[in-house]
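K.L.:
Return a 3D structure for these sequence lines:
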Amino acid sequence: MRKFDRILIVGGTHGNELTGAYLIRSGAFEHLTQFSFEVLTLLANPRAVAANLRYLGRDLNRSFERQRLDNDRFNNYEDQQAREIYQRFGPHSATPVDVIIDLHTTTANMGNTIILDEESSTGLQLAANLSIAEPSVKIYSTSTSGRQDALRTIAPLGICIEVGPVVPGILDAAAFAQTQALVLQVLADLDRANQGGLADLPESVTLYRYFSTIDYPRNQAGQPIAMIHPQLQLQNYQPLYPGDPIFIDFAGHVTAYMGPETVYPIFINEAAYYEKGIAFVLTQKQQVDCYDQ
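P.N.:
Here you go, the predicted structure:
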């Protein structure tokens with residue numbers, strides 16, 4: 001496992017997700033000198049936080065694709081902020097970071113989720129150790145999604161902590177405490193890794209690997225014409241079988257899932273995903289070796 005010298009904890013990437021923003025503002029992760037690495041913090045989108053909006057011009061967490069970072073024609077506030085963050089903490093900066101821990105909340109009933117963008121041995125071992133320490137944690141892998149534009153991707157190892165359900169624009173004490181505890185556990189595990197490794201880990205870990213997304217049925221104007229079926233609502237990480245109901249329209253007609261295999265939906269009815277054309281994300285439940293990646 002590689003040596004970690006500098007860790008960046010980020011909150012407020014989405015301005016109306018106040019848990020991460022106020023963990024950073026409160027100084028909860030400042031002056032942590034007990035670890036074998038430097039801990040830095042960042043309020044990523046301060047103007048959006050001040051306005052209590054997810055973003056002002058575009059989603060900051062969709063603004064770190066390298067082609068976009070290198071193109072000055074993209075010059076709205078979030079593009080400028082993305083370039084500044086990359087120039088401060090990216091691989092060619094004066095303070096490059098080894099790990100980014102990005103703090104998020106979701107309106108979906110996701111509980112405590114760790115998102116990994118790559119299934120490296122390091123990431124899987126850290127996630128496995130975290131799921132042992134916090135059995136409620138689920139591990140979601142976006143490695144097959146093709147996404148390369150999230151803030152956390154500018155570091156060699158990116159970890160997203162996603163806690164929900166939380167209503168946008170409010171502070172939730174339980175989510176605040178859960179997120180803080182998860183961050184401190186990740187930092188402790190990174191420190192143990194620096195000291196010689198994580199002991200007594202299982203050889204494999206259960207993760208939910210991105211498979212595809214499903215959008216709402218929509219009319220020609222792009223407006224949803226159906227809702228998440230009550231039988232699916234809140235059922236994140238639960239099996240969805242072919243033939244199970246997924247949508248119900250305003251007249252009561254039901255749409256069933258017609259896929260060929262059992263899948264595990266997440267981010268069900270996430271409020272911020274209506275604009276992105278996502279009613280929920282489908283994943284495949286996998287048992288993955290922690291050491292052979």
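
K.L.:
can I assume Ile100 is in contact with Leu8?
P.N.:
Yes - using CB atoms under 8 Å, Ile100 is in contact with Leu8, at 4.9 Å. From N, CA and C alone the C-beta is placed, and that goes for glycine too.

K.L.:
what sits in contact with each of the two?
P.N.:
Counting by CB atoms under 8 Å, 6 or more residues apart in numbering, the shared contacts of Ile100 and Leu8 are 89, 155.

K.L.:
Any stretches of the chain with poor pLDDT?
P.N.:
1-2, 199-200, 292-293 (pLDDT under 70).

K.L.:
What residue in it is the furthest from its centre?
P.N.:
Largest separation from the mean C-alpha position in the chain: Ala251, at 35.0 Å (CA atoms, centre = their mean).

K.L.:
can you give me the strands for the stretch 51-200 of the chain?
P.N.:
Under the criterion DSSP state E, counting those that start in this stretch, strands of the stretch 51-200 of the chain are mapped to 99-105, 111-116, 137-141, 157-164.

K.L.:
in its sheet, what does the longest one sit against?
P.N.:
Pointing back at strand 157-164 there. Note on strand 157-164: by DSSP bridges, its sheet partners are strand 99-105 (parallel), strand 111-116 (antiparallel).

K.L.:
Ok, which of these comes nearest Gln125?
P.N.:
strand 111-116 (11.0 Å; CB to CB).

K.L.:
surely Phe37 meets Gln195?
P.N.:
No - using CB under 8 Å, Phe37 is not in contact with Gln195; the gap is 10.9 Å.

K.L.:
Those two: who's more crowded?
P.N.:
Higher neighbour count among Phe37 and Gln195: Phe37, with 19 against 10, using other CB atoms under 10 Å.

K.L.:
Pull the contacting residues for the more buried one.
P.N.:
4-7, 98, 190-191, 194.

K.L.:
Then Asn112?
P.N.:
134, 136-138, 161-163, 178, 182.

K.L.:
hey, what's it bridged with?
P.N.:
Val137, Val163.

K.L.:
which of the contacts of Phe37 lies closest to Pro168?
P.N.:
Ile7 (27.0 Å).

K.L.:
Would you mind naming the residues that bridge with the closest one?
P.N.:
Beta-bridge partners, per DSSP bridges, of Ile7: Val39, Val99.

K.L.:
so what's it up against?
P.N.:
35, 37-40, 97-101, 187, 190.
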